[in-house]
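Trainee: show me how the following folds:
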Amino acid sequence: MTHISTAVYVDGRRVAEGLKPAEAVERARTHGGFAWIGLRESADLADLDGVVNLHPLAVQEAERGHERSKLIRFDDGIFLALQPARYHDDTESVECHEVDVFAGKHYIVTVDDPDNIIDTDSVRGQLEEHPDVLTRGPFAVLWGLLEQVTRGYRAVLEGVENDIDEIEDQLFAPVPDPDVSHRIFSLQRQVIDLQHAVAPLPELLVRLEEDVRAKAPGAAIPAIREVRDRATSTAARVEAFRRTLDNALTVHSSMMDQRRNEEMRQMTEFGLQQNDQVKKISSWAAILFAPTLVGTVYGMNFDNMPELAFVWGYPAALGLMLATSITLYLVFKKRDWL
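Mentor: Sure, this is the predicted structure:
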C-alpha cells in the first residue's frame, strides 16, 4: 500500500507518526486519540480492510468518483466526498478533483487528489498549531479540510467573474466579436461543473454538524457556521454567474437577430432599388421596341404588301410608331415605372 502519511494524535498533539496504519489505529484507540491516515488513491482503501471499519458502499462510492460533493452516513462513521477547485485563466477552465474522507471515532482517512489542489500537509500544520482544536478529534480535521476547500473557491470565483466582465465588454463593443458566443458556452460549461461541486455544500454541512453532534457529543466542528456561511455565499455567487451567462447568451442572440434583421432590411431595400431600375430599363426597352416592331414588319420583302403602295403609307407608319411609343410611355408613367 502506498500511504502518504500516518500520524497519531492524543490530547490534540501528535504522539507518533510513520507507523503502519494498523499500528496507528490501535495506538489511537489505546490512548483515546485518533489516527490520521493519508492515501494516494482510492484503490488503496482495500488495504485498510480489517484496520478500520469502512462501509463497503462508502468504499465503492470513493472508487467510483463523483462530480458533486457528497455525504454518506454509515454505522460508526461518515464518508465525505469534497470537490476542491482550481481555475486556469489561460484556458478559462475550472479544474475539480475529488478528495474523499472517512471519519470515525478513532480515525480519519483522507484520499488526496492527484494534483494537490488541497494541501493536506498545510492543513495538518495549521491544525497542529492549535492543539485545542485537535482535541475535538477527527472532526477537527474535517473542519480544516472544509476550511481550505471553501476558501479555495474564492480564487476560482474571482477568475470566473473577471472572464464574465470581459464577455460583457465584448458583447457591447463597437465592433462585435463573432467568437463571443463560443466563449459564453465554454465558460457556462465550466460554471455548471463548479456548481455541481459547491451547490450541495450548504445542506451537506448542516447534515454533517447534525451527525457530529449525534455521534460525538461535545466534539462539534469549530467555526462550522462560518464554513457553512462561506459555502452558502459561494453557491449563491455561482448560481448568479450561471444566470448572468444565460442572460449574456440571450442578449447576444438578440443582438445577432437584430443585426441579421438589419442586414435583411438593407438587402430588401437594395432589391427594391434594383427592381425599380429593372422596371425603368424594361419600360424604355418596350417603348423603343414598339417602333422597331413596326419598322421590322414593313421592312419584310414580300411582293404583296398593299400598304407600301399607299400615298400616306410612310407617314402612317411613322404615326403608328410615335403613337405606340407615346401610349406605352403614358402607361408606364402612370404606373410609376418611369
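Trainee: tell me which stretches of the stretch 151-300 of the chain form helices.
Mentor: 180-198, 201-215, 224-297 (DSSP state H, counting those that start in this stretch).
Trainee: ranking those by burial, who's on top?
Mentor: Mean neighbour count (mean count of other C-beta atoms under 10 Å) peaks for helix 180-198 among the helices of the stretch 151-300 of the chain, with a mean of 19. C-beta here means a position set from N, CA and C on the backbone, and glycine is covered the same way.
Trainee: angle of that one against helix 224-297?
Mentor: Orientation of helix 180-198 against helix 224-297 (axes from the mean of the first three to the mean of the last three C-alpha atoms, to 10 degrees) gives an angle of 160 degrees.
Trainee: state the mean pLDDT of helix 180-198.
Mentor: Average pLDDT, helix 180-198: 89.
Trainee: distance between that helix and the chain's centre?
Mentor: Relative to its chain's centre, helix 180-198 lies at 1 Å (C-alpha atoms, centre = their mean, to the nearest Å).
Trainee: for stretch 8-19, same thing?
Mentor: On C-alpha atoms, centre = their mean, the centre of stretch 8-19 falls 44 Å from that of its chain.
Trainee: ends of it, how far apart?
Mentor: 9 Å (C-alpha to C-alpha, to the nearest Å).
Trainee: can you list contacts of it?
Mentor: 5-7, 24, 27-28, 31-36, 128, 130-135 (C-beta atoms under 8 Å, 6 or more residues apart in numbering).
Trainee: can you check stretch 244-263 too?
Mentor: 164, 167, 168, 171, 176, 180, 181, 184, 185, 187, 188, 191.
Trainee: got the domain ranges for the chain?
Mentor: 3-258, 273-334 (automatic domain parsing).
Trainee: could you identify the longest strand within the protein?
Mentor: Under DSSP state E, the strand in the chain containing the largest number of residues is strand 3-10.
Trainee: so which of the contacts of stretch 8-19 belong to strands?
Mentor: Per DSSP E, these map to strands at 5, 6, 7, 34, 35, 36.
Trainee: just give me the closest of those to residue 291.
Mentor: Comparing the ones in strands among the contacts of stretch 8-19 against residue 291 with C-beta to C-beta places residue 5 closest, at 107.6 Å.
Trainee: what about the closest residue to the closest one other than its chain neighbours, which helix or strand?
Mentor: Spatial nearest neighbour of residue 5, excluding adjacent residues (C-beta to C-beta, 6 or more residues apart in numbering): residue 38 at 4.8 Å. According to DSSP states H and E, residue 38 maps onto strand 34-39.
Trainee: can you tell me the SS state at residue 54?
Mentor: coil (DSSP: H, G, I helix; E, B strand; the rest coil).
Trainee: mind listing what it touches?
Mentor: Residue 54 neighbours (C-beta under 8 Å, 6+ apart): 45, 48, 74, 77, 79, 102, 109.
Trainee: check the contacts of stretch 8-19 for burial and list the buried ones.
Mentor: 6, 7, 24, 27, 28, 33, 34, 35, 36, 133, 134 (16 or more other C-beta atoms under 10 Å).
Trainee: of all those, which comes closest to residue 88?
Mentor: Closest to residue 88, out of all of the buried ones among the contacts of stretch 8-19 and judged by C-beta to C-beta, is residue 36, at 30.6 Å.
Trainee: residue 128: what's it in contact with?
Mentor: Contacts of residue 128 (C-beta under 8 Å, 6+ apart): 13, 14, 134.
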